[in-house]
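1. with the sequence up front, the predicted model follows.
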Amino acid sequence: MNRATLAIYFLSTAAGWSQDAGAKAALQQRIGEIKQSIAQNQAQLKRYAWTETTEIAVKGEDKKRTQADCKYGPDGKVQKTPIGSAPPPAQKRGLKGKVVAKKVGEMKEYMDRVGSLIHRYVPPDPQDMQASFQAGKATLNPGAAQLVFTDYAKPGDKVTLTFDPATKKIRTFVVATYLDEPKDVVNLDVSFSSLPDGTSHVETTVLDATAKQIQVRTTNGEYHKAGG
C-alpha cells in the first residue's frame, strides 16, 4: 500500500469515526431532552384529574366499555375510581355455563399477562432508554425525529418514539413486542396531546393482542385541575 493509498484510508476512517461520534452525540442529546420532558410533564400532570374511557373489542365486536375518574395519589401512582357500574352479565347454567366461565377466566388471565408485559414499556422510562443506548441498541432518524430501540425489554422487540424537537414533547410511542413467542404478537400505539398550559399527556392508547384478536382502546380526556 503506497503513501497516497494510506492517506486516503486514514482520512476515510477518520471521517467514519467522526460521523459515528456525531451520531452518538446527537442521539445522547435527544435522549437527554426526552428525559427532561418526561420529568417536567410528570410533575405538571400530578396537578390534574381526568376521565379515562376504556373500550374492549374481541374479533372486531365491541364487548365492554368502562369509564373511571383518574388522579395521582400521594404515592405518585394513578388512582382510578370507576364511574357507574355495568350490570353483571346473566349467568348461564349447566355445561354451557361452565364452558363460558372457563373462557372468561382464561381471557382475563391472558389480558392480565399482557398488562404486565406492557408495564415493561409504558410509561417510557428514561433509564431504560439510556441502557439501550449504552448497549448500542438505539438509533436516531433525524428526518422523522424518531428514536428506535431494539431488544428493549425482550429479544426481537422494537420501540419507536417520535419526539418534537421544537416543542420538546413526545408525540407517539409505538411498541412491537410479543408475549411468550414471537408469533404471539402484542402491539401498542400511544398518542400524546397537549393541554392549554403546555402539559403533555397520553390522549389515546391502542393495544392489539393479535393472537387472541383483542383490541383495547383507552382515551383520556376532560382534564381539569385536581380538586378544582
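-> Done, it's in.
2. would you mind measuring from Lys71 to Arg65?
-> 21 Å (C-beta to C-beta, to the nearest Å). (C-beta placed from N, C-alpha, C; glycine too.)
3. those two: who's more crowded?
-> Using other C-beta atoms under 10 Å as the criterion, Lys71 and Arg65 rank with Lys71 on top: 17 against 12.
4. what bridges to the closest residue to that one other than its chain neighbours?
-> Excluding its sequence neighbours, the residue lying closest to Lys71 (C-beta to C-beta, 6 or more residues apart in numbering) is Ala49, at 4.0 Å. In this entry, Ala49 is beta-bridged to Lys71, His224, by DSSP bridges.
5. burial check on Ala49, number of neighbours?
-> Look at Ala49: counted by other C-beta under 10 Å, it has 18 neighbours.
6. leaving out sequence neighbours, find the closest residue to Gly221.
-> In this structure, Gly221 finds its nearest non-sequential neighbour in Thr51, 5.8 Å apart by C-beta to C-beta, 6+ apart.
7. residues touching the helix or strand hosting that neighbour, excluding its own?
-> Here Thr51, judged by DSSP states H and E, is contained in strand 48-58. The set of residues external to strand 48-58 that reach it, using C-beta atoms under 8 Å, 6 or more residues apart in numbering, is 62-71, 80, 83, 107, 195, 199, 201, 212-227.
8. can you flag the buried ones in those?
-> 66-68, 70-71, 199, 201, 212, 214-220, 223 (16 or more other C-beta atoms under 10 Å).
9. just name the closest of the residues you listed to Ser132, please.
-> Checking the buried ones among the contacts of strand 48-58 against Ser132 with C-beta to C-beta, the nearest one is His201 at 24.3 Å.
10. the closest one contacts Asn220, doesn't it?
-> Yes: under the criterion of C-beta atoms under 8 Å, His201 makes contact with Asn220 at 6.4 Å.
11. sorry, back to before: wait, which of the buried ones among the contacts of strand 48-58 is closest to Ala153?
-> Taking C-beta to C-beta as the measure, Ala153 lies nearest Val216 of the buried ones among the contacts of strand 48-58, at 19.1 Å.
12. for the closest one, name its beta-bridge partners.
-> Following DSSP bridges, Val216 is listed with bridge partners Ile56, Leu207.
13. please report how far Val114 lies from Ser193.
-> 25 Å.
14. more neighbours: which of the two?
-> Applying other C-beta under 10 Å to Val114 and Ser193 shows that Val114 carries more neighbours, namely 21 against 15.
15. would you check that the more buried one makes contact with Asn187?
-> No: contact between Val114 and Asn187 fails when scored by C-beta under 8 Å: they sit 10.8 Å apart.
16. quick one: common contacting residues for the two?
-> Shared contacts of Val114 and Asn187 (C-beta under 8 Å, 6+ apart): Leu207.
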